[in-house]
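K.L.:
I would like the atomic coordinates for the input below:
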Amino acid sequence: MGRVAAPYGVHGWVKVLPLTAAPETLLAHRQWWIRKRDDDGPWQPHDLESGKRHGATLLAQLSGLADREAAARLSGADIGVPRGALPAAGENEFYWADLVGLAVVNRQGVKLGSVAAVEDFGAHPLLRVTDDAGVARLIPFVAAYIDGVDMAQRRIDVDWQPDY
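P.N.:
Below is the predicted model of the structure:
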């Protein structure tokens with residue numbers, strides 16, 4: 001749902017980079033689960049005590065963060081909420097987590113690999129597709145290249161060549 005970017009101020013607030021289409025929806029969840037990215041340890045719950053939109057980011061005060069140093073220790077950490085707390089995806093909408101693991105097949109029937117991650121660097125989401133040999137490719141998740149997503153078949157059909 002987001003990532004802790006940095007501490008904000010001296011009272012334990014954090015600046016958050018939301019990874020949702022509507023950033024303020026993260027503020028509707030009263031409890032956030034946070035996991036540091038570098039150690040892949042367990043998710044830890046933090047109550048959202050206060051929060052607000054701040055441009056393209058969010059500012060949040062979380063339980064257990066009394067000062068800037070405590071907030072700084074969470075820099076780079078992932079923010080999530082329980083799956084059951086999320087609304088159902090609409091027609092032709094997908095939660096990125098649901099795309100991970102799906103097979104990616106081009107129009108010629110060549111399996112390019114499976115989705116290892118979905119990345120977003122601003123313009124549009126990118127599928128990080130890794131094949132059996134460990135070769136990774138990035139495929140834009142846009143209508144020009146994505147022919148369809150079949151969740152039942154666990155497959156994404158694309159207009160993409162192996163040598164791109």
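
K.L.:
So which elements touch the helix or strand of the chain with the lowest mean pLDDT?
P.N.:
Every helix and strand of the chain was ranked by mean pLDDT, DSSP states H and E. The lowest is helix 96-99, at a mean of 90. If contacts are counted by 3 or more CB pairs under 8 Å, 6 or more residues apart in numbering; DSSP states H and E, helix 96-99 sits against strand 111-120. Any C-beta I mention is one placed from the backbone N, CA and C, and that applies to glycine too.

K.L.:
now for the strand it packs on, which elements pack on it?
P.N.:
Looks like strand 111-120 contacts helix 96-99, strand 103-106, strand 125-130, strand 136-140 (3+ CB pairs under 8 Å, 6+ apart).

K.L.:
mind checking which of those is nearest Ala66?
P.N.:
Relative to Ala66, the nearest member of these by CB to CB is helix 96-99, separated by 31.7 Å.

K.L.:
Touching that closest one from outside, list them.
P.N.:
By CB atoms under 8 Å, 6 or more residues apart in numbering, the surrounding residues in contact with helix 96-99 are 19, 83, 89, 115, 118, 125, 127, 141, 149, 151, 156.

K.L.:
wait, the third one sits on Tyr95?
P.N.:
It refers to Ala89. Yes. Taking contacts as CB atoms under 8 Å, Ala89 lies within contact range of Tyr95: 5.8 Å.

K.L.:
Comparing the two, which residue is more hemmed in?
P.N.:
Tyr95 (14 against 11; other CB atoms under 10 Å).

K.L.:
The more buried one: what's it in contact with?
P.N.:
86, 89.

K.L.:
Try it again at 7 Å.
P.N.:
Taking CB atoms under 7 Å, 6 or more residues apart in numbering, we find Tyr95 in contact with Ala89.

K.L.:
Over to Leu138?
P.N.:
Neighbours of Leu138 in contact, by CB under 7 Å, 6+ apart: 126-128.

K.L.:
list residues touching both of Ala89 and Tyr95?
P.N.:
Here Ala89 and Tyr95 share no contacting residue, scored by CB under 7 Å, 6+ apart.

K.L.:
quick one on the thing from earlier: can I get the helices and strands packed on strand 111-120 in CSV including distance to Arg73?
P.N.:
Converted to CSV, the helices and strands packed on strand 111-120 look like this (distance: least, CB to CB, whole Å):
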stretch, distance to Arg73
helix 96-99, 25
strand 103-106, 37
strand 125-130, 28
strand 136-140, 31
